[in-house]
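J.: build me a model from this:
(2 chains)
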Number of protein chains: 2
Amino acid sequence: MNALGRHLLIDLQDCNKEALNDLGFLRDAMLSAAIDCGAVVLGESFHRFSPQGVSGVVVIAESHLSIHTWPEYGYAAVDIFTCGTTVNPEKAAEVLIEKLGAEKPSLMEIQRGLLAAV
Amino acid sequence: MNALGRHLLIDLQDCNKEALNDLGFLRDAMLSAAIDCGAVVLGESFHRFSPQGVSGVVVIAESHLSIHTWPEYGYAAVDIFTCGTTVNPEKAAEVLIEKLGAEKPSLMEIQRGLLAAV
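T.: Okay, the predicted model is just below:
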């Protein structure tokens, strides 16, 4: 029984707080993570909040990457959802952990779409 | 210790297969789910694949909703990630379960950002 998708849930603590509040930096980091893991980028939507925080999503041909940041806590919640065998979601995680300077990355993988017919 | 975000991971089986392949229908359903749960929609990105399947994300002021569909299996993977107390993510789940005609919804909630300082 194989899963249709791999879903990495990543909690990043002790990140660079300035980076977590910089929409342009985060957009570039997320797009780099998508491209470096072998994904094909189809769309994106990033937004900065007042007084702080950024949310952003990159839709890829292989599913999506998302990020939500809380600069006041040095925390970011990242999701990397991929399907197929042409992408390496761990690589995307590595890119974001490095770019955000996360000292305590926590990763969990959940298999999505574990269907008897697959 | 409180979580910064609530993340519902929803696996929908035995859905209406035509609905799972209809970008316009899915976009409307996702936007309705966001609005009905009390969220403020900030952006969206939806894409249809060949020969089948749709991916879509709605960015909300309270985080995001995403969907990836496999019409050939009658399956959709939905995520509803919210923060704050002004939204009811279960309501968004109810809307999507009903609209997609899912016979076997499976929901899991993960608390994101369980920080000692929160």
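J.: scan chain A for its longest helix.
T.: helix A:23-36 (DSSP state H).
J.: who are the packing partners of it?
T.: helix A:17-20, strand A:41-48, strand A:54-60, strand A:63-70, helix A:89-100 (3 or more CB pairs under 8 Å, 6 or more residues apart in numbering or on different chains; DSSP states H and E). No exception for glycine: its C-beta is placed from N, CA and C like everyone else's.
J.: in a markdown table: the ones you listed, plus mean neighbour count and mean pLDDT.
T.: A markdown table is the format used below for the helices and strands packed on helix A:23-36 (neighbours: other CB atoms under 10 Å in any protein chain shown; pLDDT from 0 to 100):
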| stretch | mean neighbour count | mean pLDDT |
| --- | --- | --- |
| helix A:17-20 | 18 | 98 |
| strand A:41-48 | 17 | 98 |
| strand A:54-60 | 25 | 98 |
| strand A:63-70 | 26 | 98 |
| helix A:89-100 | 20 | 98 |
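J.: and B:A102, which of these is closest to it?
T.: Closest approach to B:A102 among the helices and strands packed on helix A:23-36 (CB to CB): strand A:63-70, 19.1 Å.
J.: so who does the closest residue to A:A102 other than its chain neighbours touch?
T.: In this structure, A:A102 finds its nearest non-sequential neighbour in A:L12, 3.8 Å apart by CB to CB, 6 or more residues apart in numbering or on different chains. A:L12 makes contact with A:75-78, A:96-97, A:100, A:102, A:104-106, according to CB atoms under 8 Å, 6 or more residues apart in numbering or on different chains.
J.: ok, now with 7 Å
T.: Counting by CB atoms under 7 Å, 6 or more residues apart in numbering or on different chains, A:L12 makes contact with A:75-76, A:78, A:97, A:100, A:102, A:105.
J.: before we move on, what about A:S63?
T.: Applying CB under 7 Å, 6+ apart, the residues contacting A:S63 are A:5, A:81-83, B:55, B:68.
J.: hey, what's A:A76 bridged with?
T.: On the basis of DSSP bridges, A:A76 is bridged to A:L12, A:T69.
J.: give the burial count for it, as a bare number.
T.: 27 (other CB atoms under 10 Å in any protein chain shown).
J.: if the residue nearest to A:M30 when sequence neighbours are not counted is in a bridge, with which residues?
T.: Spatial nearest neighbour of A:M30, excluding adjacent residues (CB to CB, 6+ apart): A:V58 at 5.1 Å. Applying DSSP bridges to A:V58 gives these bridge partners: A:E44, A:L65.
J.: so what's A:V58 up against?
T.: A:30-31, A:34, A:41, A:44, A:64-65.
J.: thinking again about what came up before, and the longest helix of chain A, what's buried?
T.: The neighbour-count check on helix A:23-36 (16 or more other CB atoms under 10 Å in any protein chain shown) flags A:23, A:25-27, A:29-31, A:33-34 as buried.
J.: and those, which two are furthest apart?
T.: The widest separation within those (CB to CB) is 16.4 Å, between A:L23 and A:A34.
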